[in-house]
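1. Next come a sequence and a model predicted from it.
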Amino acid sequence: MKDKFQMSCMGELTFFLGLQLKQKDDGIFIYQDKYIAEILRKFGFTYVKSASTPIETENPLFKDPNGEDVDVHIYRSMIGSLMYLTSSRPDIMFAVCACARFQVTPKVSYLHAVKRTFRYLKGKPHLGLWYPKDSPFNLVAYSDSDYAGASLDRKSTTGGSMDSKSVARLWV
C-alpha cells in the first residue's frame with residue numbers, strides 16, 4: 001500500500017473515531033472514559049452521587065402529560081451524547097432508548113431518568129468492550145420482545161444482539 005499511498009507509521013493505535021483502544025497480547029479493549037468525563041463535565045455531573053443502575057428499576061417511565069416541561073434542546077443534547085456513547089456501552093442502551101421516546105415534549109420526570117443514566121456513568125466510567133484475540137468464531141443471535149408492555153400507551157420494546165467469540169458485535 002505504501003507504493004500507492006502516502007503513509008507513515010505513528011505508533012500503536014490508541015484513539016479511533018472517538019473510541020479509545022487498549023491493545024494487549026490477548027485482545028483489544030474499546031472504551032470511552034475520556035468522552036464520559038467530557039459529557040459529565042458538560043452537563044454538570046462532575047460532583048454528583050453515582051447510581052448503581054442506568055435506569056430506575058422500580059418505577060418505569062410513563063407518559064406524563066401534566067408534568068412540568070423542560071428545555072427540549074438540553075434534553076435532546078443529553079440524549080444525543082448518551083446515544084453516541086452506546087457504541088461502546090451496551091449497558092446503557094435500554095435506558096437511553098427508553099428516555100429517547102420522550103424527546104418531543106420532555107418533562108421533568110423524563111429528565112430525572114436521563115440524569116440517573118449520567119449518575120450511573122459517573123460511578124462506572126471505565127467499562128467498555130473486550131474483544132479477545134484467540135477465541136473460536138461462533139456467531140450467535142439473540143432477540144427479545146415485550147409486546148405492548150408499556151401499560152399506558154401499549155408500545156412494544158424489542159431488542160437484540162449478535163455475538164461472536166462471546167462478545168457483542170451488534171446490539172439494538
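-> Arrived safely.
2. can I assume Tyr110 is in contact with Asp64?
-> Yes: if you go by CB atoms under 8 Å, Tyr110 and Asp64 touch, sitting 7.1 Å apart. Where you see a C-beta, it was placed from the backbone N, CA and C, and this is true even at glycine.
3. higher neighbour count, these two?
-> Tyr110 (24 against 15; other CB atoms under 10 Å).
4. Check the gap between the more buried one and Lys122 for me.
-> Applying CB to CB, to the nearest Å, the value for Tyr110 to Lys122 is 19 Å.
5. Arg116 now?
-> Taking CB to CB, one finds Arg116 at 10 Å from Lys122.
6. Just say helix, strand or coil for Val48.
-> coil (DSSP: H, G, I helix; E, B strand; the rest coil).
7. Spit out the contact partners of it.
-> By CB atoms under 8 Å, 6 or more residues apart in numbering, the residues touching Val48 are 118-119, 122.
8. again, only this time at 6 Å
-> Shown in contact with Val48 (CB atoms under 6 Å, 6 or more residues apart in numbering): 119, 122.
9. and it, backbone torsions?
-> The phi/psi pair for Val48 (degrees, to the nearest 10) reads phi -120, psi 160.
10. ditto for Ser145
-> phi -140, psi 150.
11. Can you tell me, leaving aside adjacent residues, what's nearest to Val96?
-> In space, and not counting its chain neighbours, Val96 is closest to Leu82: 4.5 Å by CB to CB, 6 or more residues apart in numbering.
12. What is the burial count for the one you found?
-> 23.
13. Buried ones in the host helix or strand of it, by neighbour count?
-> Assigned by DSSP states H and E, Leu82 belongs to helix 72-85. Using 16 or more other CB atoms under 10 Å as the test for burial, helix 72-85 gives 75, 78-79, 81-82, 85.
14. What is the nearest of the residues you listed to Gly44?
-> Met78 (10.7 Å; CB to CB).
15. so where's this protein uncertain?
-> Scanning the chain for pLDDT under 70 picks out 135-137, 147-172.
16. Give me the phi and psi angles of Phe102.
-> Here Phe102 shows phi and psi, under degrees, to the nearest 10, equal to phi -110, psi 30.
17. so it sits right up against Tyr110, yeah?
-> Yes: in this structure Phe102 lies within contact range of Tyr110 using CB atoms under 6 Å: 4.3 Å.
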